[in-house]
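Chemist: any chance you can model this:
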Amino acid sequence: MMKRIAIPGLMLAVLLACGPAVSQTAAERALIGPPELHAFPSTPPTLVEAYGPAPQQFGQLRLPAGAGPFPVVVVIHGGCWTKGYEDLDGLAPLASALTAKGYATWNIEYRQVGDPGGGWPGEFQDWGAATDHLRELAKIHPLDLARVTVLGHSAGAHAALWLASRHNLPADSEIRGAAPLPVAVVVAIDGPGDLRTLYGADEAICGKPIFVPLFGGTPEQQPDRYRQANPVEWLPTGATTILIASSVLTPEAADAWQAAASDKGETVSVVELENAGHFNMLAPNDPAWSEVEAAILTLSPAH
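Modeler: I've put the predicted structure just below:
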């Protein structure tokens, strides 16, 4: 099943640029980067808990008011899969906004390229371990594990789509995990579901080569690693998917994913935010975020 929603008429955005916001006129709107995103207010987490022994292996759990059980949104930041670009604090305002709407949120940190143990296979293992840790959290906190949404931005969008598909990996895969937690809904915000769309463009987008350090070689040198990491290779996921298309996830790439997933019987909605700003769509007071939030509330209602 396919659905497309187009949001036209916003200013041309840089891809992953983090420069200062520009002044707003009648014809254009201010773009933000990570510094501005980090400055938005957020609510304190209910709990900060480790899911592994490394310093980066932890998450922030936020619970809404009430008795629950609450649907859960796993929140995954991006940052070119590489240390120094982004961290979970940039998505704390988004997580807080969703918690205010009735969702429990689990905003995770993880090892990236440049961290000890980051890259292959640790980065993927962290995404899986953090998500599977919801089973431990649910023993104490009122979480509805039948309604798990995984939301990711940029490289985190790749992580979200991969998490929904990883149960299809071979049982002996070093990144699959023994018992992947089922994912009901995926929200992939301006990030790739098919890594092949970015091969060769990673240096231009991120300012330095990304995939060779991430996978320990080129696609020709490490074909199995690239294949296991690429969600489009492991359809169907069994999840309902929302693709937020803009600059990194282009409308054309979203269409290709939607077609491939639809052929496998998946339900995929595409929200097209034309030139919305790669980080604006994460800001709770921004019109672009309103479109993202509306899609979440429609396909994964809190009540």
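
Chemist: would you map the helices across the stretch 51-200 of the chain?
Modeler: Taking DSSP state H, counting those that start in this stretch to define them, one finds helices in the stretch 51-200 of the chain at 92-100, 122-132, 134-138, 155-165.

Chemist: kindly export the third one (C-alpha atoms) in CSV.
Modeler: Spelled out, that is helix 134-138. What follows is helix 134-138 as a C-alpha-only set of coordinates in CSV (Å, rounded to 0.1, in the frame of the first residue of the first chain):
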residue,chain,number,x,y,z
LEU,A,134,13.2,-2.2,26.1
ARG,A,135,12.3,-5.7,27.3
GLU,A,136,14.3,-4.9,30.5
LEU,A,137,12.8,-1.5,30.9
ALA,A,138,9.3,-2.9,30.4
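
Chemist: give me the contact list for that helix.
Modeler: Identification of contacts with helix 134-138 by Cβ atoms under 8 Å, 6 or more residues apart in numbering yields 47, 49, 51, 61, 72, 74, 106, 143, 145, 148, 181. C-betas here are computed from N, CA, C, even on glycine.

Chemist: cool, and the first one?
Modeler: The set of residues that contact helix 92-100 without belonging to it, under Cβ under 8 Å, 6+ apart, is 37, 40-43, 45, 60, 62-64, 73, 75, 105, 107, 282-284, 289, 293, 296.

Chemist: and the helices of the stretch 51-200 of the chain as a markdown table, adding distance to residue 241 and mean pLDDT?
Modeler: Converted to a markdown table, the helices of the stretch 51-200 of the chain look like this (distance: least, Cβ to Cβ, whole Å; pLDDT from 0 to 100):
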| stretch | distance to residue 241 | mean pLDDT |
| --- | --- | --- |
| helix 92-100 | 18 | 97 |
| helix 122-132 | 16 | 98 |
| helix 134-138 | 19 | 98 |
| helix 155-165 | 7 | 98 |
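
Chemist: check the ones you listed for me and report the most buried one.
Modeler: Highest mean neighbour count among these (mean count of other Cβ atoms under 10 Å): helix 155-165, with a mean of 29.

Chemist: any idea how far it is from the middle of the chain?
Modeler: The gap between the average C-alpha position of helix 155-165 and the chain average comes to 6 Å, counting by Cα atoms, centre = their mean, to the nearest Å.

Chemist: what packs against that helix?
Modeler: The elements that helix 155-165 packs onto, with contact taken as 3 or more Cβ pairs under 8 Å, 6 or more residues apart in numbering; DSSP states H and E, are strand 70-76, helix 122-132, strand 143-153, strand 185-189, strand 240-245.

Chemist: ok, 7 Å please
Modeler: Helices and strands touching helix 155-165, by 3 or more Cβ pairs under 7 Å, 6 or more residues apart in numbering; DSSP states H and E, are strand 70-76, helix 122-132, strand 143-153, strand 185-189.

Chemist: can I get these in JSON lines including distance to residue 244?
Modeler: As requested, the helices and strands packed on helix 155-165 are arranged in JSON lines below (distance: least, Cβ to Cβ, whole Å):
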{"stretch": "strand 70-76", "distance to residue 244": "14"}
{"stretch": "helix 122-132", "distance to residue 244": "19"}
{"stretch": "strand 143-153", "distance to residue 244": "9"}
{"stretch": "strand 185-189", "distance to residue 244": "4"}
